[in-house]
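**Q** kindly generate the corresponding structure for this input.
(2 chains)
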Amino acid sequence: MNFKKTVTLGLIAAFALIFNHQSLGQDDWTPRKHITGYINTIAEYSNQDNLNKNFGVGLSEVGLLVTYQPLPELELKATGVYSHYMFHVSQLLVEVYGMYSFSDGFKLGLGRFLTPLSPINQYFYAPLNPSGVVPMLVSHHFLFPQSISGFQIAGEFELGSSSKFGYNASIGSYAYINHFESGILGIQAQEDSYPTFGYYDTELDKINNYLCGTGRAYANFNDVLTIGANLFLADAQQFAQDEFEEYQYYPSTKYTYGFDAHLHINNLKVNAEYWGGQQKTNDEIPVPQPDGQIKYEYIKNDYVGYYAEIIYDRDVVKPFARYDFIEDINVNGIGLPTSAATVGLAVRPRFETLLKLEYKRIFATEITDFENQLSQDNDYDHIQLSFVLSF
Amino acid sequence: MKLYTLLIAFILLGFISNAQDYKVIVHSSSTVTSISKSQLSKYFLKKDKKWDDGTKVTVIDQSSRSETRKQFSNDVLGKSVGAIKSYWQQYVFAGTGTPPLEKKTDAEVVAFIKSHPGAIGYVASSANTDGTKVITIQ
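**A** Predicted coordinates:
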């Protein structure tokens, strides 16, 4: 009874606070809405041996964003992105949330968010990325998912006259999807697995939603340097063979952490991030041994991913170079470290039209003998032309 | 001689075309009389959201097709209107900001600023700004 009373009084107080803010804020407020979006069509070529076809052209993504601000303190946002490999209508809703700002230092949001960790996650939206391809540590989703749904708090504080400190934290759930292909050929987000396994078909019926939490803190100095630290904690599922050599998904726990730095001096931008982490089964699971015996043990995967990029931003023309590295697949003790070097050019003569051309060399590993744990290099190339129309 | 005349005419034409074709206006109650280009830029890019006295700044922009906006954007923000739209597109997708409210005509900008203390905008030099205060750009 006391608990009910407390909750009721709490809700009344919260509503009173919110509606009081509304009545104060509406005096001279004009509700605002903003609509923007893009259509991204690409042509890509890769000489990877396991591809069914080496050249593809098609609509890669369509994004539509609507924001509505009925009050100065309240923002509603919905972002839908259709992609060539979309498998379920729920994937369309990348973001749908409401964010109430109690002050600059404290905002409360609820709904579905683009995971508020690495700023590079925003490269998912084609007009924000100088490259047509997302860094592997983001596209592979082994470190954090693309979106989460639940609650988020965020805020920003001024540090002196020219610096800022910001934070956000969220709790909610996410869909456990790794290596879900993108682009047209389907090799993007599967760069590391293709040389050994070829096309990896995500088992849609095995995708589950899990509880997760995120935290990020960052500091910005004079709009020149931003540094951030990120943490992702979650329940997860581990894919492994059982005693009958059937693949099973086992309940697991995952933690990942990352550090990011962004330098912006005049027209020069440098972005870099380092992420690491681990996923481990919650219980000991049956693991077939080479001698035919079954041994019960914990299965764990260590993750590493990093990238660095340099962009010369002249508004209309943006040449860039990027290096990225990931290691997220471990098969019977054999890792598949994969790195890539990219050079490219983005040209945006007007807001509506953006053209990107890039060449990428992927330095991949191929497992040649599972029993004896043998592997070899299997490098390949990728060229992509992207044409993005914004509105 | 004709060549010199042409040259002088050309230079004068250049000065005329580079002349400031806009004026910056604020609410009539504002104590502000002048503003630097860099501060104006900070307000219009929402990098600074408060006046010196701590009150909130409300920025009013013009339509992206407006000739006045083109000149203001190049002159004050140092970028084309397209580049500024790209800038705001990044903030909107990132969820970290929204562009200023846009008004289609000078009259709409003036009407808004008249009724909103803390507002700042710009209109064509020839616009009627009665009821607002014109401030100089340093």
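
**Q** show me what contacts residue A:178?
**A** By CB atoms under 8 Å, 6 or more residues apart in numbering or on different chains, the contact set of residue A:178 is A:140, A:141, A:142, A:328. All C-beta spots, glycine's among them, are computed from the backbone N, C-alpha and C.

**Q** count the residues that sit near the residue of the stretch 151-300 of chain A found nearest chain B.
**A** Closest to chain B within the stretch 151-300 of chain A is residue A:223: 7.1 Å, counting by CB to the nearest CB. Per other CB atoms under 10 Å in any protein chain shown, the neighbour tally for residue A:223 reads 11.

**Q** show me where chain A has its helices.
**A** Along chain A, counting by DSSP state H, helices occupy A:2-25, A:136-139, A:194-197.

**Q** what's the mean pLDDT across the first one?
**A** Taken as a whole, helix A:2-25 carries a mean pLDDT of 49.

**Q** how about the second one?
**A** Confidence for helix A:136-139, expressed as mean pLDDT, is 93.

**Q** does it reach chain B?
**A** No. On the criterion CB under 8 Å from any CB of the partner chain, helix A:136-139 is out of touch with chain B, staying 14.3 Å away.

**Q** quick one: distance of that helix to the chain centre.
**A** 7 Å (CA atoms, centre = their mean, to the nearest Å).

**Q** near chain A, which residues of chain B are found?
**A** Selection of chain B residues close to chain A by CB under 8 Å from any CB yields B:47, B:64, B:79-83, B:85-86, B:89-90, B:92-95, B:98-99, B:101, B:115-116.

**Q** residue A:376: what's it in contact with?
**A** A:365, A:366, A:368.

**Q** quick one: contacts for the first one?
**A** For residue A:365, the set of contacting residues under the criterion of CB under 8 Å, 6+ apart consists of A:192, A:195, A:196, A:335, A:336, A:337, A:338, A:375, A:376, A:377, A:378.

**Q** quick one: the last one and residue A:364 touch, right?
**A** Which is residue A:378. Yes. The criterion here is CB atoms under 8 Å, and residue A:378 meets it with residue A:364 at 5.1 Å.

**Q** so what sits opposite the residue lying closest to residue A:185 once chain neighbours are set aside in the bridge?
**A** Once flanking residues are discounted, residue A:185 sits nearest to residue A:56: 4.5 Å by CB to CB, 6 or more residues apart in numbering or on different chains. Here residue A:56 sits in beta bridges with residue A:44, going by DSSP bridges.

**Q** cool, residue A:346 as well?
**A** Taking DSSP bridges as the rule, residue A:346 bridges to residue A:318, residue A:356.

**Q** please tell me I have it right and it contacts residue A:356.
**A** Yes. Contact criterion CB under 8 Å: residue A:346 and residue A:356 qualify, at 4.6 Å.

**Q** overlap in contacts of those two?
**A** Applying CB under 8 Å, 6+ apart, one finds that residue A:346 and residue A:356 are jointly contacted by A:130, A:131.

**Q** where does the prediction get shaky in chain B?
**A** B:1-19 (pLDDT under 70).

**Q** tell me which two in the contacts of residue A:178 are the farthest apart.
**A** A:141 and A:328 (9.2 Å; CB to CB).

**Q** list the contacts of stretch A:50-60.
**A** Contact with stretch A:50-60 is made by A:39-48, A:83-84, A:126, A:132, A:182-185, A:187, A:194-195, A:197-199, A:386, as judged by CB under 8 Å, 6+ apart.

**Q** and stretch A:327-336, by the same measure?
**A** A:140, A:142-143, A:178, A:192-193, A:196, A:301-305, A:337-338, A:364-365, A:367, A:370, A:373, A:375.

**Q** so how far is that stretch off the chain centroid?
**A** Centroid displacement of stretch A:327-336 relative to its chain, using CA atoms, centre = their mean, is 21 Å.

**Q** pull out the buried positions in that stretch.
**A** By neighbour count on 16 or more other CB atoms under 10 Å in any protein chain shown, the buried set for stretch A:327-336 is A:327, A:328, A:329, A:334, A:335, A:336.

**Q** hang on, the earlier thing: buried subset of the residues of chain B next to chain A?
**A** B:79-83, B:85-86, B:89, B:92-93, B:95, B:98-99, B:101, B:116.

**Q** out of those residues, which are inside helices?
**A** Here DSSP H is the test, and those give B:81, B:82, B:83, B:85, B:86, B:89, B:92, B:93 as lying in helices.

**Q** what's the pLDDT at residue A:67?
**A** Model confidence at residue A:67 (pLDDT) stands at 96.

**Q** wait, it sits on residue B:98?
**A** Yes. Using CB under 8 Å, residue A:67 is in contact with residue B:98, at 6.1 Å.

**Q** overlap of the contact sets of the two?
**A** Residues touching both residue A:67 and residue B:98 (CB under 8 Å, 6+ apart): A:32, A:34, A:75, B:92.

**Q** which ones are touching the third one?
**A** Remark: with contacts taken as CB under 8 Å, 6+ apart, residue A:75 is in contact with A:67, A:68, A:69, A:98, A:99, A:101, B:98.

**Q** most centrally placed residue in chain B?
**A** With distances taken as CA atoms, centre = their mean, residue B:122 lies nearest the centre of chain B, 4.2 Å away.

**Q** roughly how far does it sit from residue B:23?
**A** Note on residue B:122: its distance to residue B:23, by CB to CB, to the nearest Å, is 7 Å.

**Q** please apply the same query to residue A:51.
**A** From residue A:51 to residue B:23 the distance is 61 Å (CB to CB).

**Q** okay, these two: which has more neighbours?
**A** residue B:23 (21 against 18).

**Q** low pLDDT regions in chain A?
**A** Scanning chain A with the threshold set as pLDDT under 70 gives A:1-27.

**Q** near chain B, which residues of it show up?
**A** So far as CB under 8 Å from any CB goes, chain A lies against chain B at A:28, A:30, A:32, A:34, A:36, A:65, A:67, A:69, A:75, A:77, A:79, A:95, A:99, A:113-114, A:119, A:122, A:125, A:127-128, A:223, A:315-316, A:348-352, A:390.

**Q** out of those residues, which end up buried?
**A** For these, a burial check counting by 16+ other CB under 10 Å picks out A:32, A:34, A:36, A:65, A:67, A:69, A:75, A:77, A:79, A:95, A:99, A:113-114, A:119, A:122, A:125, A:127-128, A:315, A:348, A:351, A:390.

**Q** among those residues, which are in strands?
**A** Those of these mapping onto strands are A:32, A:34, A:36, A:65, A:67, A:69, A:75, A:77, A:79, A:95, A:99, A:113-114, A:348, A:390, per DSSP state E.

**Q** quick one: the helices in chain B, in order.
**A** According to DSSP H, chain B carries its helices in the segments B:2-18, B:37-44, B:67-72, B:81-94, B:106-115.

**Q** by contact count, what packs against the third one?
**A** This means helix B:67-72. Applying 3 or more CB pairs under 8 Å, 6 or more residues apart in numbering or on different chains; DSSP states H and E, we find helix B:67-72 packed against strand B:22-27, strand B:58-62, strand B:119-124.

**Q** equivalent analysis for the last one, please.
**A** Contacts defined by 3+ CB pairs under 8 Å, 6+ apart place helix B:106-115 against strand B:22-27, strand B:58-62, strand B:101-103, strand B:119-124, strand B:132-137.

**Q** and residue A:208, which of those is closest to it?
**A** Of all the helices and strands packed on helix B:106-115, it is strand B:101-103 that lies closest to residue A:208, at 43.9 Å by CB to CB.
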